[in-house]
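**Student:** next comes the sequence, and after it the predicted model I'd like to discuss.
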Amino acid sequence: MVTTPRGIGRIGVAGRLLPAGLALLALALVTPVARAAEIEFSASVDQATVGVGEPFQLVLTVRGEDMLSVPRPVIPPLPDFDVLGGTSSQSTNISIINGQLKKNATVSFVYGLAAKKLGTSTIPACKLSYQGKEYQSQPIEVTVVKAAQGQSVPQPSPGAPMGTPPGARGSASLAGGVFISVVPSRRTAYVGEPIVVEIALCTRYQIANGGWAALPSFDGFWTEQVFEADRFDFQRRVIDGKAYGVSVLKKVLLFPLSPGRATIKPMAFNVAVTQAPRDVFDMFGSTQAVKVESTPIVLDILALPEKDKPAEFTGGVGQFTVTASLDRTSTTNSEPVNLTLKVTGTGNLRMIDKPVIPPIAGLKILDPEIKDDVRASGAGVRGTKTFRYPIIPQSDGKYVIAPIVMATFDPQTRAYKTMKTGPLEFAASGSAAAGAPLVEATGLKVLGTDIGYIKPDATTLRVVPMDPPRWPNLLYLASLGMMGCALWYRSHSERLLSDRGYARKTRSSSLVRRRLREAEKQLKKDDPKGFHAALTQAVMGYVGDRFNIDSHAMTKDQLRAELDRLQVPGETSAALLEIVDQCEIARFSPGIAGSSQPRALFEKTRDVLGRI
C-alpha cells in the first residue's frame, strides 16, 4: 500500500496498538479498489473585463478522486486572442475517513492570453479526453475595452524623460512583461546631425536565450555603430513604477541624409521566456518562445538653412576646426609637395566633402587622398578627417598657397561657421631640367620610365614538397566532435527546462542511488523502520521519476494498473509490488512476519530497479 506521510502516521499508530491479525485487517480495509472515477472539468478567467493587449489568465481545472495522470486539454483556435504561454500545476489531498482512504487531486492548466480587439469576445469550450471519456468546459465571454491610462500596449522606454506618455517612447510590449525599447536621443534634427538610438530588451521574466528575428535597418540614414551586445547584461530599472531587467542590445548613431519625415522601422527579437514553477509538481517550469517587435518611430528631419549659406560649405554639421600644412618648404626635380588639410571635431566627419583648392599657375594639384580617424560614442562621432593633396611643380619659383576656406553648420547655434587656414609657401627648383614625363595614377606620380629588373643569380632551385601536413586534420576532427558535444549539451539543457518527464528520467538514476545509500545507512544503524521507509521511498521515487507519474500517492492496485499500462514485464512488476508489500508490513505491522533478512531485501531491490 502507498499513502502520504499523514496517512502513514495514522496507520503506524494502529499497527502499534492492534494485534497482528487486526492490523493486517486494518490494512486491507484502507486499501481501496482502483476504479475509474468521474472527474470535473471547468474553465475560468481571472478577469472578465480586460483592456486591449492586457494579459489575463485562462485556467482549466480538472478535479477528481483517485485521478491518475491527466493529459493536457485541447484548446480550440482563438482568433480574437494572442496566446502568451502556458504552464500547469497539481495538488493532491489525501485523507482517511472511517477507514477509507480518499485521494482528491486537482490539476490546473494556466494559459496567458491577450485580447486583440474591442468588444465582446468568446473563449470557446475546451475539450479533455480521460480514460476513454470526453469532457468539455463551458465557454466564457470576455469584455474587451480600451487599455487603462498607463497600461496601454506601448510600454515605456528606459532613459525617457519622466512624464513622457508611454506611447511616445518608441517601444512595443508583449503583455507588459517583455518588450523591445527603442529610444532616440531626439526626434527633431537637422540633416547630418547625429541621433543616438539605444535599443534594449526590457523584461520582467527570466530569459533563457534570444536573437534577432529581423535585423535593424536604418534606411535614409548614415549609420555609425557604437555598441553591439554579444550577451545579455540585465540591469534593474524602474519603468512607470514597475521593476524591469533591461539589457542594451544595440546602440547606434544615425545621421539623416535628407530632409522630411524619416522612420526608424520596427525591429523584431526572439526570446525564450522561462516560466518559474508554480508548485512542487511543476518542478522545472516551462520555456515559452516569444517574438517581440518594436513600434516604428517617426523623426522630423530639418533641411539646412539656405539663407546665408556660404559657397565654401562642404557638408560638415557639428563643431570643427581646420588646419593646413606642407610636408616640406622646398622641392627639386618636380618632386611632389604634399598639402595636408585636417578637419578635427565632433559631427558628421565622414560626410564632409573635400574643399576646393584654387588653381595656382605653375603647379598641378591632384585629387586628395582621404583618410578618416574617428571614434563613435554615445556623445557622437569625434576624430579627424585628413585630405592629402599631392602638388607637382611644373616650373621653378616660389609659390604661395592662399588660405583655404571651409564652412560648416553648427546645429547648436543654428548658424554657419566659416574657417580659414593661414597661407603656405614653398620653393621649387630643377623642374624644367627634369624633362621626364609625368605619369598619373589616381593621385600618385611615377618619375621616369626606366625599370630596373631583378635578375636571379641562382642556377638551380630546390624542390619544396607541396603536400600539407596531416596533423591539422586531427584538429579538424576534434573541433567537429567538440561542436557536436556542444550542440548536444545545449539541446539537453533546453529539454531539461521544457520537458518535465525528460528531466525526471534524466535525474532518476542519481536520485535512486542517493536514496539507496540512505536505506543502507539506516540498515547499518540497525533501524528497521527507517530502513524500510527509505527503501519504499527509493522504489516509489524511482518508478515515478522513470515513468513521470505521481507514484507516491498511489495505492497498490493503482500502481499495478499503471505498471501494466506502461508495459513493465510481469515478473518485474510482481517483484516490485512484493518489495512494497514487505516494506509496508515491516513498517506498519512489525508483529506480522515480514522480511526477516533486510540485507537480502535490499539486494533484491537493487536488482529489480536495475531491470526497469
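**Tutor:** That came through fine.

**Student:** which SSE is the residue nearest to residue 84 when sequence neighbours are not counted in?
**Tutor:** Spatially, and ignoring its direct neighbours in sequence, residue 84 is nearest to residue 112 (3.7 Å; CB to CB, 6 or more residues apart in numbering). For every residue, glycine as well, the C-beta is placed using N, CA and C. Element membership of residue 112 [criterion: DSSP states H and E] is strand 100-115.

**Student:** so which bits of that strand are buried?
**Tutor:** Across strand 100-115, burial judged by 16 or more other CB atoms under 10 Å covers 101, 103, 105-115.

**Student:** quick check: mean pLDDT of it?
**Tutor:** If you average the pLDDT over strand 100-115, you get 79.

**Student:** show me what it is packed against.
**Tutor:** When contacts are defined as 3 or more CB pairs under 8 Å, 6 or more residues apart in numbering; DSSP states H and E, strand 100-115 sits against strand 55-65, strand 81-97.

**Student:** the very next helix or strand once past that strand versus strand 100-115: what angle between them?
**Tutor:** Using DSSP H and E, the helix or strand that directly follows strand 100-115 along the chain is strand 119-123. Compare the direction of strand 119-123 with that of strand 100-115 by axes from the mean of the first three to the mean of the last three CA atoms, to 10 degrees and you get 140 degrees.

**Student:** alpha carbons only: can I get strand 119-123 in PDB?
**Tutor:** What follows is strand 119-123, C-alpha atoms only, in PDB (Å, rounded to 0.1, in the frame of the first residue of the first chain):
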ATOM      1  CA  GLY A 119     -16.000  44.300 -27.900                       C
ATOM      2  CA  THR A 120     -17.200  41.100 -26.500                       C
ATOM      3  CA  SER A 121     -15.100  38.000 -27.400                       C
ATOM      4  CA  THR A 122     -15.800  34.400 -26.500                       C
ATOM      5  CA  ILE A 123     -13.400  31.800 -25.400                       C
END
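
**Student:** can you name every helix or strand that it contacts?
**Tutor:** Packing partners of strand 119-123 (3+ CB pairs under 8 Å, 6+ apart): strand 140-145.

**Student:** what about 10 Å?
**Tutor:** For strand 119-123, the elements it packs on are strand 100-115, strand 140-145, judged by 3 or more CB pairs under 10 Å, 6 or more residues apart in numbering; DSSP states H and E.

**Student:** give the pairing partners of that strand; include direction for each.
**Tutor:** strand 140-145 (antiparallel) (DSSP bridges).

**Student:** buried ones in the strand it pairs with?
**Tutor:** Of the residues in strand 140-145, 140, 142, 144 count as buried by neighbour count, 16+ other CB under 10 Å.

**Student:** could you do stretch 567-585 as well?
**Tutor:** Within stretch 567-585, the residues that count as buried by 16+ other CB under 10 Å are 568, 572, 573, 575, 576, 577, 579, 580, 582, 583, 584, 585.

**Student:** which of these lies closest to residue 268?
**Tutor:** Within the buried residues of stretch 567-585, the smallest distance to residue 268 is 48.0 Å, found for residue 568 (CB to CB).

**Student:** I'd say that closest one and residue 611 touch.
**Tutor:** Yes - between residue 568 and residue 611 there is a contact under CB atoms under 10 Å: 9.1 Å.

**Student:** quick check: neighbours shared by those two?
**Tutor:** Common contacts of residue 568 and residue 611 (CB atoms under 10 Å, 6 or more residues apart in numbering): residue 576.

**Student:** out of the helices and strands packed on strand 119-123, which gets nearest to residue 555?
**Tutor:** Closest approach to residue 555 among the helices and strands packed on strand 119-123 is made by strand 100-115 (7.0 Å; CB to CB).

**Student:** using CSV, write out every CA atom in the closest one.
**Tutor:** Once non-C-alpha atoms are left out, strand 100-115 reads as follows in CSV (Å, rounded to 0.1, in the frame of the first residue of the first chain):
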residue,chain,number,x,y,z
GLN,A,100,-11.4,4.6,3.8
LEU,A,101,-8.5,6.3,2.0
LYS,A,102,-9.6,9.3,-0.1
LYS,A,103,-7.3,10.9,-2.6
ASN,A,104,-8.6,14.1,-4.3
ALA,A,105,-6.4,15.6,-6.9
THR,A,106,-6.6,18.9,-8.7
VAL,A,107,-4.7,19.8,-11.9
SER,A,108,-4.7,23.3,-13.2
PHE,A,109,-3.6,24.3,-16.7
VAL,A,110,-2.9,28.0,-16.8
TYR,A,111,-2.7,30.0,-20.1
GLY,A,112,-1.8,33.6,-20.6
LEU,A,113,-4.0,35.4,-23.1
ALA,A,114,-4.2,39.0,-24.5
ALA,A,115,-7.2,40.3,-26.4
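
**Student:** what pairs with that strand, and is each one parallel or antiparallel?
**Tutor:** Using DSSP bridges, the strands paired with strand 100-115 are strand 55-65 (antiparallel), strand 81-97 (antiparallel).

**Student:** keeping just the C-alphas, turn the first one into PDB.
**Tutor:** To tie it back to what came earlier, the one meant is strand 55-65. Presented in PDB, the C-alpha positions along strand 55-65 are these (Å, rounded to 0.1, in the frame of the first residue of the first chain):
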ATOM      1  CA  PRO A  55      -2.600  40.000 -20.100                       C
ATOM      2  CA  PHE A  56      -5.100  37.800 -18.300                       C
ATOM      3  CA  GLN A  57      -5.300  34.100 -17.300                       C
ATOM      4  CA  LEU A  58      -7.400  31.300 -18.600                       C
ATOM      5  CA  VAL A  59      -7.400  28.500 -16.000                       C
ATOM      6  CA  LEU A  60      -8.600  25.000 -17.000                       C
ATOM      7  CA  THR A  61      -9.200  22.900 -13.800                       C
ATOM      8  CA  VAL A  62      -9.500  19.200 -13.500                       C
ATOM      9  CA  ARG A  63     -10.700  17.700 -10.200                       C
ATOM     10  CA  GLY A  64     -11.400  14.100  -9.300                       C
ATOM     11  CA  GLU A  65     -10.900  11.300  -6.800                       C
END
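
**Student:** mean confidence score for that strand?
**Tutor:** Taken as a whole, strand 55-65 has an average pLDDT of 86.

**Student:** quote the end-to-end distance of stretch 300-312.
**Tutor:** Using CA to CA, to the nearest Å, the span of stretch 300-312 from its first residue to its last is 27 Å.

**Student:** list of residues touching the helix or strand that contains residue 263?
**Tutor:** If you go by DSSP H and E, residue 263 is part of strand 260-264. The contact list for strand 260-264, computed with CB under 10 Å, 6+ apart, reads 170, 182, 184, 189, 191, 195, 197, 199, 216-221, 252, 254, 256, 294-303.
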